[in-house]
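Student: just a sequence and a predicted model for now, questions to come.
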Amino acid sequence: MNGLTAFLGSVPGYLNDWCVTIFLICVSFVLTFTPAWIRWYNMRKTINKIPGMDFRNPFMGNTSLVIQLKEARTIDNINLLLFQVTCGFAHLFHEERIYRFWNGIRPSVAFFKPETIEVILRSSTVLEKSTEYSFLHPWLGSGLLTSFGSKWRKRRKLLTPAFHFRILEDFIPVFNEQSQILVEKLRQAQSEKWVDIIKYVTLCTLDIICESAMGIRMCTQENTESPYLKSLYEVGEMFVCRMIRPWLWPTILFSISSYGRRFNKSLAELHNFTRTVILNRKAQILMSRASGKEQDGTIENKLKRRQALLDLMITHHLSDPSLTLEDIREEVDTFMFEGHDTTAMGISWTLYLIGLDSFVQKKIQDELDSIFGNDTERSITIEDIKNMKYMDCALKEGLRIFPSVPFIGRTLREDIIVNGYCLPQGTTCFLNIYMLHRNPEVFPNPEIYDPDRFLPEHVTGRHPYAYLPFSAGPRNCIGQKFAMMEEKVVIANILRNFKVTSLDPRDKIKMDAELVLRPKQGLRLRIEPRVRE
Ligand code: HEM
């Protein structure tokens, strides 16, 4: 201290104040960041006991590998590259099926073995989503997918009855009607050499979820120029642009970028639309209450049951205003988002696999003929769906090879032990469902499409966490029964009418690491009328 006083005494007065200020800034910097750095250093020591690749630049972590490969021009698209690097790492660490990696200074641990994934998903304390999900907040707020803690628990309890089997049955007419429109659209496209099946199916699943979640007909299959559809695509596209550009992660930088401005404009349109639908429906419910025509909260008539999700929330809001209209908006947007792209990809990938395998296609069509005979128009019933046993296997196998949600992320709020390794609080758990489904010990020749893997005799004895297209545990997919029913109705209606042939072999398909697993260049299918023997 004497030295400092002597030094300050020897410099001119006006510089004195500056020296003291700079000295104090340095001290507060050290005091603020040293504990954080010590915590990070200890965390690094613990995490580095898990197998993984080393890196030179501590600020970039293993992300620098992606940049090096991009610079080496091995592959141009960073999205494709990310997906391939992720799978490459999984192959390197295939023995323990666990590895660490550093996403910048953030530690992550990847899992793709049933026993380790079970520890994470069964835990009642690991319920918080990883930070990547926060990019969804402007759109979905803290709805069911992104929320955690008591908010998530309350919402999950409130919404679960809307997915009860009895309620889902009333959506079957919607699945039928919309998939019959899809069949007509495909019939018109038969003269084309091929169609990108994803484009057709996505409009169909969007119409289905709009009618089921909001109770309104959007008719996007008829009106592909719908402003709602345009905004929805724009929001999805800008969201992905942000995900793959780390410099746009800070909200302020994103909002002033051209991507952020386009995102915010379309988002405002989407939110306005959802809010208007909710307000209109609330007014209708209040009017029927006032006129005494309301059939109580048990939702008796068919039309009302079809709107179960929105009605359930509005009815709850009217008796308990702590569930606000904005809360309802978050949930409706969540269901619109989670409920159409996932099913569209499930249907499209499965049709693609069926289109590569004439043996499987014939088996499915034989099963459909045993249910419907030559009738290609009769609406599908719940009994028919139950009888589609081989179709069930074909769909499950499709979701095994191409799970619509290939990765799931969780953030640890306390230390846990997995596979003998300690994972400290703050670690991101990266559950690689895509590679979990390619474990040759569970699924021999994992790249082969073989629906027989899901025959009851082959499923018995399989580890319950070996196959997880809908995740598992407390935060599993609330819409899984809805999705399976919808997918069966749509695929059945297509294959009752058409023979499908996929034009691109498996090794020509490149995959994007987006929120859902999608092929870079679409899926080309030739559609021909079915000729019965
Ligand atoms: C093939 C179709 C589908 C697949 C593969 C799928 C897959 C998944 C997965 C893996 C999760 C867990 C995500 C995570 O933990 O981050 C999830 C959650 C969720 N899914 Fe699905 N999903 C599908 C269809 C649907 C449908 C049709 C709906 C709504 C009608 C839906 C609504 C949700 C919601 C709201 C959540 C969040 C649940 C919670 O955290 O409590 N999903 N889905």
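Tutor: It's in. Numbering: from 1, shown residues only.
Student: the closest residue to the ligand within the stretch 351-500 of the chain: how many residues sit nearby?
Tutor: The stretch 351-500 of the chain approaches the ligand most closely through Gly479 (2.3 Å), counting by Cβ to the nearest ligand atom. Where you see a C-beta, it was placed from the backbone N, CA and C, and this is true even at glycine. Other residues within reach of Gly479, judged by other Cβ atoms under 10 Å, total 22.
Student: same check on Ile22?
Tutor: Based on other Cβ under 10 Å, the number of other residues close to Ile22 is 10.
Student: just confirm Phe430 is within a strand.
Tutor: Yes. With DSSP: H, G, I helix; E, B strand; the rest coil as the criterion, Phe430 is located in a strand.
Student: tell me the SS of the closest residue to it other than its chain neighbours?
Tutor: With sequence-adjacent residues excluded and distances taken as Cβ to Cβ, 6 or more residues apart in numbering, Phe430 is closest to Ala110, at 4.4 Å. Judged by three-state DSSP, the three-state class of Ala110 is strand.
Student: list the contacts of Ala110.
Tutor: Thr86, Phe89, Ala90, Ile98, Tyr99, Arg100, Phe101, Phe430, Leu431, Asn432 (Cβ atoms under 8 Å, 6 or more residues apart in numbering).
Student: show me which of those residues is closest to the ligand.
Tutor: Nearest member of the contacts of Ala110 to the ligand, counting by Cβ to the nearest ligand atom, is Leu431, at 8.1 Å.
Student: which residues of the stretch 101-250 of the chain lie near the ligand?
Tutor: Lys129, Leu144, Leu145, Arg156 (Cβ under 6 Å from any ligand atom).
Student: list the contacts of the first one.
Tutor: Put plainly, it is Lys129. Taking Cβ under 8 Å, 6+ apart as the definition, contacts of Lys129 comprise Leu145, Thr146, Phe148, Gly409, Arg410, Thr411.
Student: please flag which of those sit within strands.
Tutor: Gly409, Arg410, Thr411 (DSSP state E).
Student: pLDDT score for the first one?
Tutor: On pLDDT, Gly409 comes in at 91.
Student: which residues touch it?
Tutor: Residues counted as contacts of Gly409 (Cβ under 8 Å, 6+ apart) are Lys129, Ser130, Thr131, Glu132, Tyr133, Thr428, Cys429, Phe430, Leu431.
Student: in ChimeraX, how would I select the buried members of the residues you listed?
Tutor: Restricted to buried positions by 16 or more other Cβ atoms under 10 Å, the ChimeraX selection for the contacts of Gly409 reads:
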select :129,130,132,133,428,429,430,431
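Student: next, count neighbours for the residue lying closest to Tyr133 once chain neighbours are set aside.
Tutor: Leaving aside its chain neighbours, Tyr133 sits nearest to Thr146 (5.1 Å; criterion: Cβ to Cβ, 6+ apart). If you count neighbours by other Cβ under 10 Å, Thr146 ends up with 19.
Student: with the one 10 residues further on instead?
Tutor: Arg156 has 14 neighbouring residues, counting by other Cβ under 10 Å.
Student: hmm, who's touching whatever helix or strand Gln178 lives in?
Tutor: According to DSSP states H and E, Gln178 maps onto helix 172-188. For helix 172-188, contacts defined as Cβ under 8 Å, 6+ apart pick out 195, 200-201, 203-204, 207-208, 211-212, 221-222, 302, 306, 377, 379-382, 385, 485-486, 489-490, 493-494, 497-498, 527.
Student: how far is it from where the chain is centred?
Tutor: Chain-centre distance of helix 172-188: 25 Å, with Cα atoms, centre = their mean, to the nearest Å.
Student: surely Tyr352 touches Ile197?
Tutor: Yes. Taking contacts as Cβ atoms under 8 Å, Tyr352 lies within contact range of Ile197: 7.0 Å.
Student: between those two, which contacts overlap?
Tutor: Leu523, Leu525.
Student: next secondary structure after the lowest-mean-pLDDT helix or strand in the chain?
Tutor: Ranking every helix and strand in the chain by mean pLDDT, DSSP states H and E puts helix 302-306 at the bottom, with a mean of 52. Following helix 302-306 in sequence order, the next helix or strand is helix 308-319 (DSSP H and E).
Student: check contacts around the spatially closest residue to Ile354 that is not a sequence neighbour.
Tutor: Closest residue to Ile354 apart from its sequence neighbours, by Cβ to Cβ, 6+ apart: Gln361 at 5.0 Å. Contact analysis of Gln361 by Cβ under 8 Å, 6+ apart lists Ile354, Gly355, Leu495, Lys499, Val500.
Student: by neighbours, which of the residues you listed wins?
Tutor: Greatest neighbour count in the contacts of Gln361, by other Cβ under 10 Å, goes to Ile354: 28 neighbours.
Student: so who does it touch?
Tutor: So Ile354 contacts Val360, Gln361, Ile364, Ala394, Gly398, Ile491, Leu495, Val500 (Cβ under 8 Å, 6+ apart).
Student: try Cys210
Tutor: Per Cβ under 8 Å, 6+ apart, neighbours of Cys210: Ile216, Arg217, Met218, Thr220, Met336.
Student: okay, these in CSV with secondary structure and neighbour count next?
Tutor: Below are the contacts of Cys210 laid out as CSV (DSSP: H, G, I helix; E, B strand; the rest coil; neighbours: other Cβ atoms under 10 Å):
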residue, secondary structure, neighbour count
Ile216, coil, 14
Arg217, coil, 13
Met218, coil, 21
Thr220, coil, 21
Met336, helix, 24
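Student: what about the strands in the stretch 51-200 of the chain?
Tutor: 98-103, 106-111, 195-196 (DSSP state E, counting those that start in this stretch).
Student: output those in TSV; the columns should cover mean pLDDT.
Tutor: Listed next are those as TSV, based on pLDDT from 0 to 100:
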stretch	mean pLDDT
strand 98-103	86
strand 106-111	89
strand 195-196	97
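Student: these into JSON lines, with extra columns for distance to Ala283?
Tutor: Listed next are those as JSON lines, based on distance: least, Cβ to Cβ, whole Å:
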{"stretch": "strand 98-103", "distance to Ala283": "47"}
{"stretch": "strand 106-111", "distance to Ala283": "47"}
{"stretch": "strand 195-196", "distance to Ala283": "40"}
